[in-house]
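Participant: okay, here's the prediction I keep looking at, along with the sequence it came from:
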Amino acid sequence: MIWLTHLRGKQFVLNAEMIESIEALPDTTITLFNGRKYIVQEKVEEVVSKVIEYKKQAYPVLDILKYLPR
């Protein structure tokens, strides 16, 4: 889940797993797999960074790798 800001300034949490695309139209528009769209204040790069950080925390590959047989 990532924190974002609606154009009117209200913050909300979005399930990053549901994001299909992020576009600058010119406002940042996030389209989910279910077709729902969100227009947010954050720039595309900010949203991408938040998604990457979320994925790093949700799926800690380095921690998982230590359990694999060598």
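Facilitator: Sure thing, it's come through.

Participant: from residue 34, how far off is the residue sitting nearest the centre point of the chain?
Facilitator: With distances taken as C-alpha atoms, centre = their mean, residue 51 lies nearest the centre of the chain, 3.4 Å away. According to C-beta to C-beta, to the nearest Å, residue 51 and residue 34 sit 17 Å apart. Quick note: C-beta positions are derived from backbone N, CA and C, even for glycine.

Participant: OK, contacts around the residue nearest to the centre of the chain?
Facilitator: Shown in contact with residue 51 (C-beta atoms under 8 Å, 6 or more residues apart in numbering): 2, 16, 19.

Participant: got a winner among those for most neighbours?
Facilitator: Comparing the contacts of residue 51 by number of neighbours (other C-beta atoms under 10 Å), residue 2 comes first, having 20 neighbours.

Participant: quick one on the thing from earlier: need the three-state assignment for the residue nearest to the centre of the chain.
Facilitator: helix (DSSP: H, G, I helix; E, B strand; the rest coil).

Participant: next one: it, what pLDDT does it get?
Facilitator: Listed pLDDT for residue 51 reads 97.

Participant: what's the spacing between it and residue 69?
Facilitator: Distance from residue 51 to residue 69, by C-beta to C-beta: 31 Å.

Participant: strands of the chain, start to end?
Facilitator: For the chain, the strands defined by DSSP state E cover 2-5, 11-14, 19-24, 28-32, 37-40.

Participant: I'd like to know which elements the third one is packed against.
Facilitator: For strand 19-24, the elements it packs on are strand 28-32, helix 44-58, judged by 3 or more C-beta pairs under 8 Å, 6 or more residues apart in numbering; DSSP states H and E.

Participant: mind listing what's buried in that strand?
Facilitator: Burial within strand 19-24, assessed by neighbour count using 16 or more other C-beta atoms under 10 Å, is assigned to 19, 22.

Participant: how about stretch 2-14?
Facilitator: Of the residues in stretch 2-14, those buried (16+ other C-beta under 10 Å) are 2, 4, 14.

Participant: wait, residue 12 touches residue 2, no?
Facilitator: No - Residue 12 is not in contact with residue 2 according to C-beta atoms under 8 Å; the separation is 9.7 Å.
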